[in-house]
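*Asks:* sequence? don't have it. structure:
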């Protein structure tokens, strides 16, 4: 006998995983700040498993103990689970799914009732602005190539001798 899971749960398929996808999200995603979160969003190619893939990060700098970080992540996950319908209803497009990274930046442990309200405000702001901007630009990982950041060649010496600096740059005082 199969039991249908409720649609408002937070399944494993809705968690963002994969090193290349996460790296691409942080390199090319659209980011904004909505207290207490730093939010990074990117469109992914269509995924039949979940319309939104979530990554939650709590910095060790703000919460030294692992049990504190885990508690903050549990509160954020539950708040997102209860409010995710705000964003899922807006991106019911079959061509794309959404990659979302939430970085908790506050230094105090959140109270669920306050975080629940802030999460709803952040998701409605994201629905109104960020997702619409992404859909207009159609910036997805399928259109952008994942590559290493461009670095200049190291032909020039890193430390420049002041006597030879004029010769290297082609400038002279005369």
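*Replies:* Yep, it's here. What you see is a predicted model, and the numbers here were worked out from it, not measured in a lab.
*Asks:* max-length helix in the protein?
*Replies:* Assignment by DSSP state H gives helix 66-83 as the longest helix of the chain.
*Asks:* give the buried residues for whichever helix or strand comes after that one.
*Replies:* For helix 66-83, the following helix or strand on the C-terminal side (DSSP states H and E) is helix 85-88. Residues 86-88 are the ones in helix 85-88 that count as buried (16 or more other Cβ atoms under 10 Å). Yep, even glycine has a C-beta here, placed from its N, CA and C like the rest.
*Asks:* where does the protein dip in pLDDT?
*Replies:* Residues of the chain that meet the criterion pLDDT under 70 lie in 1-8, 90-94, 138-174.
*Asks:* same thing but at 90, please
*Replies:* Scanning the chain for pLDDT under 90 picks out the ranges 1-18, 29-32, 42-52, 84-99, 124-174.
*Asks:* circling back to that earlier point, out of the buried residues of helix 85-88, who's nearest residue 120?
*Replies:* residue 86 (6.5 Å; Cβ to Cβ).
*Asks:* sorry, back to before: now the longest helix of the chain, how far from the chain's geometric center?
*Replies:* Centroid displacement of helix 66-83 relative to its chain, using Cα atoms, centre = their mean, to the nearest Å, is 16 Å.
*Asks:* now what about that helix, what contacts it?
*Replies:* 8-10, 54, 56, 58, 60, 63, 102, 104, 109-110, 112, 115-116, 119-120, 123 (Cβ atoms under 8 Å, 6 or more residues apart in numbering).
*Asks:* among those residues, which are in helices?
*Replies:* With helices taken from DSSP H, the overlap with the contacts of helix 66-83 comprises 112, 115-116, 119-120, 123.
*Asks:* just these now: which is nearest residue 49?
*Replies:* Distances from residue 49 to those, taken by Cβ to Cβ, are shortest for residue 123, at 20.3 Å.
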